[in-house]
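Peer 1: sequence-free structure coming up:
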């Protein structure tokens, strides 16, 4: 895809792709559940609810937000992959209501298989995103690895009294989604066929900066971003952490052009099916399996899911008092 490596398809060097290659949520929770939890008055958000990032109070007006995110290629173009991975890493800070301040690169590269000049294009894409976000990019770490992987560790700042947390939802609040779904099936089709989906790349490289600011301005206190566990997975975690249930109005959920065609053609990532399997025991659904697969579709650099109405973005459901089913899909 670059001038130095015509025809190179990065996605063929990885078993998975993007956030769809995350460890299955049930397996991850089982392993993390055996680890000791950190405690302290100034640790505002830790491991308990699997939130998007850690938050530590510095003083009365500032909290430090820390996160790391990296994954295998989701598209074949190295520059665009770098942009997508950096946008996705910064998203965790925005999802907590913070502003990213500094990032460092995380790079794994199969030097004997792919020219290292291609890695430079990946890093250039990440650098351009950080520049657009007003975030310093300063150093990082690299290793020789059989599969290419790229991402960033990001540090940001937030007001400790105005964090967006996944355990702060309340019954009666609407649910707002700031980006359409369908990235997993489109990316899987790209990996299988080489077809290029500009609408997917444009979405994955759109920062959640404006959405986070709008959510804070609207008074929101509860949010998460929709990435590898899909809308259903991240909504389940939010509702469970908040002690409520959630109702999804499928007719209101937006999808990218081509997503349903990709689903019908069978381009469903394994991660999307694992997401649905994980949530299914906690689900009350009156829609078909295809709809559920799309709702559980593993997103890469997806939008924010906000408990509260955010002007300019669609309301896709609401939080309700706790029921037998944590997530209801209608």
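Peer 2: Alright, I've got the coordinates. What you see is a predicted model; the values in this text were computed from it and never measured. Numbering: from 1, shown residues only.
Peer 1: can you list the weak-confidence ranges in the chain?
Peer 2: 1-6, 16-22, 26, 29, 32, 34 (pLDDT under 70).
Peer 1: the strands in it, which residues?
Peer 2: Ranges of strands within the chain are 43-45, 54-59, 62-71, 99-109, 136-144, 149-158, 174-177, 222-225, 245-248, 283-285, 304-307, 315-320, 327-329, based on DSSP state E.
Peer 1: and residue 171, how close does it get to residue 330?
Peer 2: Distance of residue 171 to residue 330, computed by C-beta to C-beta, to the nearest Å: 17 Å. Every residue, glycine included, has its C-beta placed from N, CA and C.
Peer 1: give me the more crowded residue out of these two.
Peer 2: residue 171 (16 against 12; other C-beta atoms under 10 Å).
Peer 1: who touches the more buried one in this structure?
Peer 2: Applying C-beta atoms under 8 Å, 6 or more residues apart in numbering, we find residue 171 in contact with 244, 319-322.
Peer 1: quick check: ChimeraX command selecting the buried ones in the residues you listed.
Peer 2: Buried members of those, defined by 16 or more other C-beta atoms under 10 Å, are picked up in ChimeraX with:
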select :244,319
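Peer 1: ok, now which ones touch residue 294?
Peer 2: Taking C-beta under 8 Å, 6+ apart as the definition, contacts of residue 294 comprise 181-182, 185, 255, 259-260, 263.
Peer 1: on that earlier part again, can you put the strands of the chain in a markdown table and add distance to residue 15?
Peer 2: Putting the strands of the chain into a markdown table (distance: least, C-beta to C-beta, whole Å) gives the following:
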| stretch | distance to residue 15 |
| --- | --- |
| strand 43-45 | 32 |
| strand 54-59 | 29 |
| strand 62-71 | 12 |
| strand 99-109 | 14 |
| strand 136-144 | 18 |
| strand 149-158 | 12 |
| strand 174-177 | 29 |
| strand 222-225 | 24 |
| strand 245-248 | 31 |
| strand 283-285 | 28 |
| strand 304-307 | 28 |
| strand 315-320 | 32 |
| strand 327-329 | 29 |
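Peer 1: compare the ones you listed and give me the one nearest residue 211.
Peer 2: Residue 211 sits nearest to strand 304-307 of all those, at 4.9 Å, using C-beta to C-beta.
Peer 1: residues in contact with the closest one: which ones?
Peer 2: 91, 94-95, 164, 168-170, 173-179, 208, 211-212, 215, 218, 220-226, 231, 234-235, 238, 242, 313, 319.
Peer 1: buried residues in it?
Peer 2: Here strand 304-307 shows 304-307 as buried, counting by 16+ other C-beta under 10 Å.
Peer 1: swap in stretch 212-227?
Peer 2: 212, 214-216, 220-227.
Peer 1: roughly how far does residue 301 sit from residue 277?
Peer 2: 24 Å.
Peer 1: over to residue 212?
Peer 2: 31 Å.
Peer 1: among the contacts of residue 294, name the buried ones.
Peer 2: 181-182, 185, 255, 259, 263.
Peer 1: among these, name the ones in helices.
Peer 2: 185, 259, 263 (DSSP state H).
Peer 1: could you dump the residues you listed to TSV with distance to residue 50?
Peer 2: Formatted as TSV, these follow (distance: C-beta to C-beta, whole Å):
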residue	distance to residue 50
185	24
259	26
263	27
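Peer 1: state the number of residues packed around residue 323.
Peer 2: 14.
Peer 1: what bridges to the nearest residue to it once chain neighbours are set aside?
Peer 2: The shortest distance from residue 323 to any non-neighbouring residue, by C-beta to C-beta, 6 or more residues apart in numbering, is to residue 245 (4.4 Å). Residue 245 has these beta-bridge partners by DSSP bridges: residue 320.
Peer 1: fine, thanks again, bye for now.
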